[in-house]
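K.L.:
For reference, the sequence and a predicted model appear below.
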Amino acid sequence: MEESVALGRNRVPGLEASPRAAVASPRILSWRAIPLVAIPVAALLVAVQVQGVLLDYVHVMSGALWTGIDIFMGLVIGPIMARMPPPARAQFVQNLVPTMLFLMPTLASVTITAGIYLAVSVGIFNLHYLAIQVAGLIVVVLLIQGLGIF
């Protein structure tokens, strides 16, 4: 007989009820993530060559996706996961993380790179501005901190 775990009013078949249930080793690379990485990067490469409105569109859309997915995860998925039993939560995270590990940094990188190209093309990206220097310093400090150097 197949075990199941209660999820709200529903039961999730095939999920073991024991909190110590063995969780399969996580996949680091999800093949579903490859198009999610390739499409924004390809759009950025085309937009940089064409310039104009397409670069603006890529910057705004990738930024909207980056921010929207982040807010959706926090405001919608977070509370839902809080009500899930631990085995179901572990299963959900195990399936979500491999895709998100590739999607979110790609969207962030495309947004920032397209924004820098836009600022250069408009003429407002000047390294002599104090705001640009401070932003660059903050990026360097956070990068060093993120890499665990200090």
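P.N.:
It's in. Note that the structure is predicted; figures quoted are calculated from it, not measured.
K.L.:
now the strands: where do they sit in the protein?
P.N.:
With strands called from DSSP state E, the chain shows them at 4-7, 10-13.
K.L.:
lowest-confidence stretch among the ones you listed?
P.N.:
Mean pLDDT is lowest for strand 4-7 out of the strands of the chain, coming in at a mean of 48.
K.L.:
Centroid-nearest residue for this protein?
P.N.:
Centrality entry for the chain: nearest residue to the mean C-alpha point is Met104, 1.8 Å, by Cα atoms, centre = their mean.
K.L.:
got any ranges where this protein has weak pLDDT?
P.N.:
1-30, 150 (pLDDT under 70).
K.L.:
Look through it and tell me its longest helix.
P.N.:
helix 86-122 (DSSP state H).
K.L.:
what's that helix packed up against?
P.N.:
Under the contact criterion of 3 or more Cβ pairs under 8 Å, 6 or more residues apart in numbering; DSSP states H and E, helix 86-122 touches strand 4-7, helix 33-50, helix 52-72, helix 78-82. (C-beta placed from N, C-alpha, C; glycine too.)
K.L.:
got the buried residues for it?
P.N.:
When neighbours are counted by 16 or more other Cβ atoms under 10 Å, the buried residues of helix 86-122 are found to be 87-88, 90-91, 98-100, 102-104, 106-111, 113-115, 117-118.
K.L.:
Relative to the whole chain's centre, how far out is it?
P.N.:
Mean-position distance between helix 86-122 and its chain equals 2 Å (Cα atoms, centre = their mean, to the nearest Å).
K.L.:
Report the angle between it and helix 52-72.
P.N.:
Between helix 86-122 and helix 52-72, the angle comes out at 150 degrees (axes from the mean of the first three to the mean of the last three Cα atoms, to 10 degrees).
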